[in-house]
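[1] sequence first, then the predicted structure:
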Amino acid sequence: MEHEPTKNKISSAFRYAFPKTTPILFGFLFLGLSYGIYMYSMGFSWGYTLALSALIYAGSMEFVTVAMLLSPFDPVSAFLITLMVNGRHIFYGLSMLEVYRNTGWLKPYLIFGMCDESFSINYTSQIPLGVSKGWIYFFVTLLNQLYWVVGSIIGNLFASVISFDGKGLEFVLTALFIVLAIEQYKIQRNLISSSIGLVIPGIALWIFGSEHFMIPAMIGIVVILSLLRNTMEG
């Protein structure tokens, strides 16, 4: 009987987290499917697909890693490319320091499994009283990763019998971010932060180009939001 409260706490967290991740489910299954098909076309079996999708778990970087695996070993270039592609996670991590406080032994996995979508959900969710925040964060993170891994494996296993043109599937992720941005605006109703999130990346894109704008944009957003923190809180 002493384990009953814990079971109820975990099941309540799962019931809260799963509907939050439903939009991610469809997006990740399609994107994972295209990744699995791509892996198969480059000569990698489902085992490699499982390992990369589960251990790297960074969509853009996983596609880049395929080319790295087929190229001469160059750890310095691999490190710099990874930093450039996924450097934004540094800012995600800083933003989640307070959110993930007091999550105990769940924290290492929450840090490892944090992707753009999990960050958006966990950072903006208005969690009701009486529901475990730590377990909600855990299930959001775990479910999103499972969607990606399962989609990747399915794509790889059935690539030999599927006649499918995956061109344009990457827009699913863009559409997903648009939905998450709208949901966040509906919760916070803050035109200042929304405008900053649009204007700064646009300027960075114009100055640095599409391949190098992400990190300057994130730095610019953090600096400006820090300077306007008191105004926005007021």
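    Sure thing, it's come through.
[2] show me the shaky parts of the chain.
    Within the chain, the stretches with pLDDT under 70 are 1-6, 85, 163-177, 179-181, 183-190, 229-234.
[3] report the buried residues of the top helix by length along it.
    In terms of residue count, the longest helix belonging to the chain (DSSP state H) is helix 4-41. Buried positions in helix 4-41, judged by neighbour count with 16 or more other Cβ atoms under 10 Å: 12-14, 16-17, 20-21, 23-25, 27-40. Just so you know, the C-beta spots here come from the backbone N, C-alpha and C atoms, and that holds for glycine as well.
[4] same question for stretch 76-93.
    Ala78, Ile81, Thr82, Val85, Asn86, Arg88, His89, Phe91, Tyr92.
[5] in a markdown table: the residues you listed, plus distance to Ser118.
    A markdown table is the format used below for the buried residues of stretch 76-93 (distance: Cβ to Cβ, whole Å):
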| residue | distance to Ser118 |
| --- | --- |
| Ala78 | 24 |
| Ile81 | 23 |
| Thr82 | 19 |
| Val85 | 17 |
| Asn86 | 14 |
| Arg88 | 13 |
| His89 | 11 |
| Phe91 | 15 |
| Tyr92 | 9 |
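[6] gap between stretch 8-28 and the chain center?
    15 Å (Cα atoms, centre = their mean, to the nearest Å).
[7] meant to ask about stretch 152-166
    On Cα atoms, centre = their mean, the centre of stretch 152-166 falls 23 Å from that of its chain.
[8] now do the buried residues in that stretch.
    Ser152, Ile153, Ile154, Gly155, Asn156, Ala159, Gly166.
[9] quick one: the strand or helix carrying the second one to helix 4-41, angle?
    Under the criterion DSSP states H and E, the helix or strand holding Ile153 is helix 133-157. Taking axes from the mean of the first three to the mean of the last three Cα atoms, to 10 degrees, one finds that helix 133-157 is oriented at 30 degrees with respect to helix 4-41.
[10] quick one: list the elements packing against helix 133-157.
    helix 4-41, helix 46-55, helix 107-112, helix 116-124 (3 or more Cβ pairs under 8 Å, 6 or more residues apart in numbering; DSSP states H and E).
[11] dump the ones you listed to TSV, plus distance to Val99.
    Listed next are the helices and strands packed on helix 133-157 as TSV, based on distance: least, Cβ to Cβ, whole Å:
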stretch	distance to Val99
helix 4-41	15
helix 46-55	24
helix 107-112	9
helix 116-124	6
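[12] closest to Ile56 among the buried residues of stretch 152-166?
    Ser152 (10.8 Å; Cβ to Cβ).
[13] go ahead and confirm the closest one touches Ser34.
    No - the criterion here is Cβ atoms under 8 Å, and Ser152 misses it with Ser34 at 9.0 Å.
[14] how about Phe139: what's its closest non-neighbour residue?
    Ala17 (3.7 Å; Cβ to Cβ, 6 or more residues apart in numbering).
[15] again, but for Val149
    Ser53 (4.8 Å).
[16] need the contact list for the one you found.
    Gly32, Tyr35, Glu62, Trp148, Val149, Ser152, Ile153 (Cβ atoms under 8 Å, 6 or more residues apart in numbering).
[17] so how far is Phe18 from it?
    Applying Cβ to Cβ, to the nearest Å, the value for Ser53 to Phe18 is 21 Å.
[18] ok, now Leu97?
    The value you get for Leu97 to Phe18, if Cβ to Cβ is used, is 26 Å.
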